[in-house]
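Visitor: A structural model of the following input is requested.
(2 chains)
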Amino acid sequence: MSKLNVTRRGVIKTGAVAGAGLALPTYLSAASHSGYTNAPTGSTVTLGFNVPQTGPYADEGADELRAYELAVEHLNGGGDGGMLSTFSSKVLDGTGILGKKVEYVTGDTQTKSDAARASAKSMIEKDGAIMITGGSSSGVAIAVQGLCQEAGVIFMAGLTHSNDTTGKDKKANGFRHFFNGYMSGAALAPVLAKMYGNDRKAYHLTADYTWGWTQQESIAAATEALGWETVNNVLTPLAATDFSSYIAPVLNSGADVLVLNHYGGNMVNSLTNAVQFGLREKVVNGKDFEIVVPLYSRLMAKGAGANVKGIFGSTNWHWSLQDEGSKAFVKSFGTKYGFPPSQAAHTCYVQTLLYADAAQRAGSFNPCAIGEALEGYEFDGLGNGPTLYRAEDHQCFKDVLVVKGKDNPTSEFDLLEIVEVTPRAQVEYAPDHPMFAGGSLGSCNPGA
Amino acid sequence: MDAILLQILNGLDKGSAYALIALGLTLIFGTLGVVNFAHGALFMIGAFCSVTLQRILNISYETIDPTKTDFLGNPAKIKTPYVESWFGPEMGSSIIEWSVPLAILFAIPIMIGIGFIMERGLIKHFYKRPHADQILVTFGLAIVLQEVIKYYFGANPIQTPAPDALEGVAQLTSTIVYPIWRIVYFCFALVIIGAVFAFLQFTTFGMVVRAGMADRETVGLLGIDIDKRFTFMFGLAAAVAGLAGVMYGPINAPNYHMGMDFLVLSFVVVVVGGMGSLPGAVAAGFLLGILESFASMKEVITIVPGINQIIIYLVAIVILLTRPRGLMGRKGVME
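Guide: Got it, this is the predicted structure:
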């Protein structure tokens, strides 16, 4: 039988070690001092820009980074102020955020979820970033959004178009300004029906990941509601480069429309392959064969070259818009960098301003206070007309652009023409819409 | 029936690229005994030779057109390629339009040069090192090469279209059409493969190389400097990969990552064909290309979901289990 020896010294030692161990995590978190993660204590505040600096979306990431640098310059009172002068809220005065000069750190998502989480984690833990923003992929956005929720910082999503980002994977600490698959479908379908008629048979090629699935579901539902029939949907591997074996069966499928639910390199290659196979010269069911690319990006359109001519799609924003906000942003960006901004640059710039504005209005960097300031917030002057940050899912609701590949581009930037500005009311949906079901925001995490 | 024929054509297309890359890979392995993971990067550099020539031909002078404005509202700058001002607009634009076929001539010396520098500057130091070391160093080289290309050309794909005369589709039967350029690519691959085989089979140089592949030491004992010939073969293999890349540009727009996309598949092709076997590499390239195409058919995916992503590896496993030296591999080589 063993004998338990309890001594005063032993109890003190054990107690001290146990106490220190329990207190360590709380000590390491700045939240213990201020009530939230990475509360700024000096004269500066640090934002974390997490963009693809390597990998297939590096060009898009570079454009995002340019926009972030421009936003920081404007917030700190530099440059011509860009959209600060057109923004409906006037609380930002060029003196940083809440009197603190804005600084930033950057991370490389590599367009890989694990790398993006690692770089976001590093920016939060090592660099003291109080907000994370950026990205060019829905998979990455969802992964980083989850991390920010756990870490207790705000995530202002960059380019992410999957319904899931503000659907089943939405989080209280995450906010999306960019539009989504449902909105693309709702905006695009009526234009397609008007241009190509209601009696069409559509064949879908869909990238086999979260964005592709929700994009396909959205555009199929929207076009079927207008009388189109979806004859086939083939999932293509994300790593696919040659789509000829997926395009060839379309030729004799009876379909008269090909919908390419692809983005980035997938879109460039599948569209190039579809044009090579002569689909655009084909007549099926007595109608001209048509190709549709639901999500367009000017940078990707450039990659696809002349193949985009006459092809319809949708986009969140375009530099040729003539509202005062867009003109101010294009002027600032174009003067600084020598070319017009992409839609990715626009959404990232706007997200930074919206975050700064929310902190300024809330009078705090506490993520919960900022979240509250963004929820249900109505604003204008940032390039998309009157916009609402809906409280129920943290999704922005605004006009959506239906665009078409330009037949006679006048410059290397002049690739898309705006066919229609679809009003916000047409792309709105209920928070409990089935395509967005399955998740909940949960409660805000300040990291305390 | 049409669907099957179309997938066979597709497979031959894909197989052409696989076979050309695998031919070079197996040539290098057979002669130098080096497992060259930078071979995909050579394919990519070939494609960018075509991009480079296209850019050279498009070097322009600028004039101001006061009647037009740019995106900032300033007077627009109109660019006119020097080629058009030198040869006239019609001739100049034709030269630019034919930049991909012209890039074949441009790429051959560049690729042979790159192959020579690669072999003399780096790879020769790894001849006597284990295959793992060779794989590591060539894989590292591939990453360096692709990052260099990305630095200069960006991450986005860059279109290198085929000449207008070779764009569009050919009517093969009353119901089957097929892109002309893909047919051109297949024929081009056959010509290159045929030329390489003829070179090895019907020239003295080729005979020595084949002898060296069979027994390097004995050839050396006969007083022949086999190393020099093998260095040339490395350059030849680089040129074959580069030409495959040049001609592939109009099929899929060149991007910095395209070499990596093909590399693993091409290695599987080499292994399935038999390490060091040239006919094996070509046969396996076309075979796996065709199988991959059939596996992409909706009817097949419905029965075996995901088969389109694994078919090549599945076939490789089956072949290696039943025939470890590959389809046409020599006994004792990587068995």
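
Visitor: Spatially nearest residue to residue A:125, not counting backbone neighbours?
Guide: residue A:151 (8.0 Å; CB to CB, 6 or more residues apart in numbering or on different chains). In short, each C-beta sits where N, CA and C put it, glycine included.

Visitor: Show me the shaky parts of the stretch 201-335 of chain B.
Guide: The stretch 201-335 of chain B contains residues with pLDDT under 70 at B:331-335.

Visitor: That one: strands as residue ranges?
Guide: Taking DSSP state E, counting those that start in this stretch to define them, one finds no strands in the stretch 201-335 of chain B.

Visitor: and if you look at the stretch 1-150 of chain B?
Guide: Per DSSP E, counting those that start in this stretch, the stretch 1-150 of chain B carries strands over the ranges B:60-69, B:75-81.

Visitor: Neighbouring strands - and their directions - for the last one?
Guide: Spelled out, that is strand B:75-81. Using DSSP bridges, the strands paired with strand B:75-81 are strand B:60-69 (antiparallel).

Visitor: for the partner strand, the distance to its chain's centre please.
Guide: Distance, stretch centre to chain centre, for strand B:60-69: 40 Å (CA atoms, centre = their mean, to the nearest Å).

Visitor: pull the CA atoms of it into CSV?
Guide: Extracted in CSV, the C-alpha atoms of strand B:60-69 (Å, rounded to 0.1, in the frame of the first residue of the first chain):
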residue,chain,number,x,y,z
SER,B,60,5.1,48.3,-81.5
TYR,B,61,5.5,52.0,-81.8
GLU,B,62,2.9,54.3,-80.3
THR,B,63,1.0,57.2,-81.9
ILE,B,64,-1.5,59.4,-80.2
ASP,B,65,-5.1,59.4,-81.5
PRO,B,66,-6.8,62.5,-80.3
THR,B,67,-10.2,61.3,-81.4
LYS,B,68,-10.1,58.4,-78.9
THR,B,69,-9.5,58.3,-75.1
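
Visitor: just to revisit the earlier point, could I get the strands of the stretch 1-150 of chain B as a markdown table with mean neighbour count and mean pLDDT?
Guide: A markdown table is the format used below for these (neighbours: other CB atoms under 10 Å in any protein chain shown; pLDDT from 0 to 100):
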| stretch | mean neighbour count | mean pLDDT |
| --- | --- | --- |
| strand B:60-69 | 11 | 89 |
| strand B:75-81 | 15 | 89 |
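
Visitor: Which residue is it, in the stretch 1-150 of chain A, that comes closest to chain B?
Guide: Proximity of the stretch 1-150 of chain A to chain B (CB to the nearest CB) peaks at residue A:58, 3.8 Å away.

Visitor: So for that residue, what's the nearest residue that isn't a sequence neighbour?
Guide: Take residue A:58 and drop its neighbours on the chain: the residue closest to it by CB to CB, 6+ apart is residue B:155, 3.8 Å away.

Visitor: same thing with residue B:103?
Guide: Excluding the flanking residues, the one nearest residue B:103 by CB to CB, 6+ apart is residue B:50, at 3.8 Å.

Visitor: Isn't the residue of the stretch 1-150 of chain A closest to chain B up against residue B:151?
Guide: No. At 10.1 Å, residue A:58 does not count as touching residue B:151 under the criterion of CB atoms under 8 Å.

Visitor: more neighbours, these two?
Guide: Taking other CB atoms under 10 Å in any protein chain shown, residue A:58 and residue B:151 do not tie; residue A:58 has more neighbours (21 against 10).

Visitor: Now do the contacts for that one.
Guide: Residues near residue A:58 by CB atoms under 8 Å, 6 or more residues apart in numbering or on different chains: A:52, B:150, B:154-155.

Visitor: Next step: the residues you listed restricted to helices.
Guide: Residues of the contacts of residue A:58 located in helices (DSSP state H): residue B:150.

Visitor: any chance of the contacts of residue A:58 in a markdown table, with distance to residue B:326 too?
Guide: Formatted as a markdown table, the contacts of residue A:58 follow (distance: CB to CB, whole Å):
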| residue | distance to residue B:326 |
| --- | --- |
| A:52 | 39 |
| B:150 | 34 |
| B:154 | 39 |
| B:155 | 36 |
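
Visitor: among the contacts of residue A:58, which are in strands?
Guide: The members of the contacts of residue A:58 all map outside strands under DSSP state E.

Visitor: what about burial for the contacts of residue A:58, which qualify?
Guide: By neighbour count, with 16 or more other CB atoms under 10 Å in any protein chain shown, these hold A:52, B:150, B:154-155 as buried.

Visitor: wait, the residue nearest to residue B:103 sits on residue B:105?
Guide: No. Under the criterion of CB under 8 Å, residue B:50 is not in contact with residue B:105, lying 11.1 Å apart.

Visitor: more neighbours, these two?
Guide: More neighbours surround residue B:50 than the other of residue B:50 and residue B:105, with 27 against 10 (other CB under 10 Å).

Visitor: Next, find the distance separating the more buried one from chain A.
Guide: Here the criterion is CB to the nearest CB, to the nearest Å. By it, residue B:50 lies 14 Å from chain A.

Visitor: quick one: contacts for that residue?
Guide: Counting by CB under 8 Å, 6+ apart, residue B:50 makes contact with B:99-100, B:103, B:106-107, B:160, B:245-246, B:249, B:254.

Visitor: try 7 Å
Guide: Listed by CB atoms under 7 Å, 6 or more residues apart in numbering or on different chains, the contact set of residue B:50 reads B:99-100, B:103, B:160, B:246, B:249.

Visitor: Check residue B:167 too.
Guide: Contacts of residue B:167 (CB under 7 Å, 6+ apart): B:161, B:180-181.

Visitor: Can you list which of these are found in helices?
Guide: Taking DSSP H as the definition of helices, those contribute B:180-181.

Visitor: so what's whichever residue of the stretch 1-150 of chain B sits closest to chain A up against?
Guide: With CB to the nearest CB as the measure, residue B:6 is the residue of the stretch 1-150 of chain B nearest to chain A, at 4.2 Å. Contacts for residue B:6 (CB under 7 Å, 6+ apart) come out as A:248, B:176.

Visitor: Since that was my last question, I'll sign off now.
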